[in-house]
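S.K.: got a structure for you, letters missing:
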Ligand SMILES: [Zn+2]
């Protein structure tokens, strides 16, 4: 069991408002922190959310617009002042490496930790850990942009101890072999893992759109997400503006979520023109039955699928 929750650190598009900071989303998964984008000034909400400056952490950048990546500089500075020791891994298109290395050369951050910048050169696998991976897919924005998925691997099925005892299998090494899917031979008899271990239990899948128009490849990429965070810069009456600027409307976000069989949709990246988002949510709810609007510092728990 690994707890996972998503924390919104910035939910405005392009320009901050009194209530909303620029794009940044954190996923706290066990002891690790996985950040998607870092708009200017995001470290203030990072501190408010109590996320911790020295934990294992990766940052994934969707695209090189200032409101999505300039905040990394402030974050590096703040983390250094707080004495971070752990390496920081940052992923994005090749110009992100150029941007960060130039800034680190010019500005003396007094870095107290190592920054590893990874250039993404193709779609697919971006980072892999023991029990989850991060994948990317090309988005459709005004510049090169990526959407991301965090996908947990299946967990082993539930071990039926009662059944194992009934079969006379002694506890210990044989149990763990069976639990990890290996068949064993005991007292000259073959015991299959599936005799005592239930079917694998699916992990969770979270999608992060970044800035984009809806596309068919994103429908496939986000298929069956337990949680999808999709940009909703405009209401559908501004669809022409959304098309012109490479963004989506709330209605379009919900339609894509429905087509991808997404369980829960969270709207974010609202144009500063919207003082409140109830109309956008209503518009999306007309096509998807589980929609909420993100607010700065709102926290969403991500339970395992039933
Ligand atoms: Zn953008």
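M.R.: Perfect, I can see it now. Because the structure is a prediction, the values reported are computed rather than measured.
S.K.: how many residues are close by residue 118?
M.R.: 16 (other CB atoms under 10 Å). To be clear about C-beta, it is placed using only N, CA and C from the backbone, and glycine gets the same treatment.
S.K.: need phi/psi at the residue in the stretch 151-300 of the chain positioned nearest to the ion.
M.R.: Residue nearest to the ion within the stretch 151-300 of the chain: residue 211 (3.7 Å; CB to the ion). Backbone torsions for residue 211, taken as degrees, to the nearest 10, come to phi -90, psi 130.
S.K.: OK, contacts around the residue nearest to residue 259 when sequence neighbours are not counted?
M.R.: Nearest residue to residue 259 in three dimensions, chain neighbours excluded: residue 219, at 4.8 Å (CB to CB, 6 or more residues apart in numbering). By CB atoms under 8 Å, 6 or more residues apart in numbering, the residues touching residue 219 are 256, 259, 260.
S.K.: which one (most neighbours) among those residues?
M.R.: Neighbour max across these (other CB under 10 Å) = residue 256, 26 neighbours.
S.K.: how many residues are close by residue 278?
M.R.: Neighbours of residue 278 using other CB under 10 Å come to 9.
S.K.: rewinding a little: what's the neighbour count on the residue of the stretch 151-300 of the chain closest to the ion?
M.R.: Residue crowding around residue 211 was assessed by other CB under 10 Å; the count is 27.
S.K.: likewise for the one 4 residues further on?
M.R.: Other residues within reach of residue 215, judged by other CB under 10 Å, total 16.
S.K.: hmm, back to that, is it true that the residue of the stretch 151-300 of the chain closest to the ion touches residue 63?
M.R.: Yes. Judged on CB atoms under 8 Å, residue 211 makes contact with residue 63 at a distance of 6.2 Å.
S.K.: shared neighbours, these two?
M.R.: Both residue 211 and residue 63 are in contact with 139, 141, 145, where contact means CB under 8 Å, 6+ apart.
S.K.: of the contacts of residue 219, which are in range of the ion?
M.R.: By CB under 5 Å from the ion, no member of the contacts of residue 219 lies near the ion.
S.K.: so which of those residues are in helices?
M.R.: 256, 259 (DSSP state H).
S.K.: the ion contacts on the stretch 201-306 of the chain?
M.R.: residue 211.
S.K.: what segments of the stretch 201-306 of the chain are strands?
M.R.: Using DSSP state E, counting those that start in this stretch, the strands found in the stretch 201-306 of the chain span residues 205-208, 227-231, 264-268, 291-293, 299-301.
S.K.: what packs against the third one?
M.R.: Packed against strand 264-268 by the contact rule (3 or more CB pairs under 8 Å, 6 or more residues apart in numbering; DSSP states H and E) you find strand 227-231, helix 250-259, helix 278-285, strand 291-293.
S.K.: helices and strands around the third one, which ones?
M.R.: Contact here means 3+ CB pairs under 8 Å, 6+ apart; on that basis helix 278-285 packs against helix 250-259, strand 264-268, strand 291-293.
S.K.: reformat the ones you listed as TSV; add distance to residue 205.
M.R.: Output for the helices and strands packed on helix 278-285, formatted as TSV (distance: least, CB to CB, whole Å):
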stretch	distance to residue 205
helix 250-259	13
strand 264-268	11
strand 291-293	18
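S.K.: among these, which is nearest residue 84?
M.R.: For the helices and strands packed on helix 278-285, the distance to residue 84 is smallest for strand 264-268, at 27.0 Å, taking CB to CB.
S.K.: in its sheet, what does that closest one sit against?
M.R.: strand 227-231 (parallel), strand 291-293 (parallel) (DSSP bridges).
S.K.: tell me the most buried of those strands?
M.R.: strand 227-231 (a mean of 27; mean count of other CB atoms under 10 Å).
S.K.: contacts for that strand next, please.
M.R.: Under CB under 8 Å, 6+ apart, the answer for strand 227-231 is 6, 13, 25, 204-212, 222, 247-248, 253, 256-257, 260, 262-269, 294, 300, 302.
S.K.: and residue 178, how many residues sit next to it?
M.R.: Neighbour count of residue 178, defined by other CB under 10 Å: 24.
S.K.: am I right that it is in a strand?
M.R.: No. Using DSSP: H, G, I helix; E, B strand; the rest coil, the assignment for residue 178 is helix, not a strand.
S.K.: show me what contacts the residue lying closest to residue 160 once chain neighbours are set aside?
M.R.: In space, and not counting its chain neighbours, residue 160 is closest to residue 196: 5.1 Å by CB to CB, 6+ apart. By CB under 8 Å, 6+ apart, residue 196 lies in contact with 159, 160, 163, 164, 167, 169, 178.
S.K.: good, we can wrap up now.
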